[in-house]
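> Whatever this is, show me its structure:
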Amino acid sequence: QVQLAESGGGSVQAGASLKLSCLFSGPTFSQYTMAWFRQAPGKERDFVSVLRWNGATTYYSDSVNGRFTISRDNAKKTVYLQMNNLKPEDTATYYCAARWGYSGDYDKSAEYKYWGQGTQVTVSS
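I've put the predicted structure just below:
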């Protein structure tokens, strides 16, 4: 059974940086595609970034491209989201998600079987 646990959220001023971590518990982490989604109050859960199981392919939403970086450490079974130049509109609960292999619909939450409990990021102006 796969379990995911996010950490690293917090409250920061606009322009600051945060690094989120997602610890993966279970076998064969290296075969899982890992993604980050976020959900603001009253809004749908939105795709943020994905890192393919082979570590060679990443995608970002237009709203975070150039500011956020996704990475993974297979030895530590951890995926990271480095968030720079944070903006108030980045305020949301951030969720880590995992799926075996890769899907072309990587930005669809329904494609991911496993989810963490979320970590809150609040950015004030």
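
> CA only for contacts and neighbour counts going forward, please
Noted.

> show me where the protein has strands.
Along the chain, the segments classed as strands by DSSP state E run 3-7, 10-13, 18-25, 32-39, 45-51, 58-60, 68-73, 78-83, 92-100, 114-115, 119-124.

> among those strands, which is nearest residue 108?
strand 45-51 (7.0 Å; C-alpha to C-alpha).

> Sheet-wise, list the partners of the closest one with their directions.
Strand 45-51 sits in its sheet next to strand 32-39 (antiparallel), strand 58-60 (antiparallel), going by DSSP bridges.

> now it: how far from the chain's centre is it?
Offset of strand 45-51 from its chain centre (C-alpha atoms, centre = their mean, to the nearest Å): 6 Å.

> CA-only coordinates of it in CSV, if you can.
Listed next in CSV are the C-alpha coordinates belonging to strand 45-51 (Å, rounded to 0.1, in the frame of the first residue of the first chain):
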residue,chain,number,x,y,z
ARG,A,45,-8.1,21.0,-7.3
ASP,A,46,-5.7,22.2,-10.0
PHE,A,47,-2.6,20.7,-11.5
VAL,A,48,0.7,22.3,-10.6
SER,A,49,3.5,20.0,-11.8
VAL,A,50,4.4,16.4,-12.7
LEU,A,51,7.6,14.5,-12.8
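
> Fine by me, thanks again.
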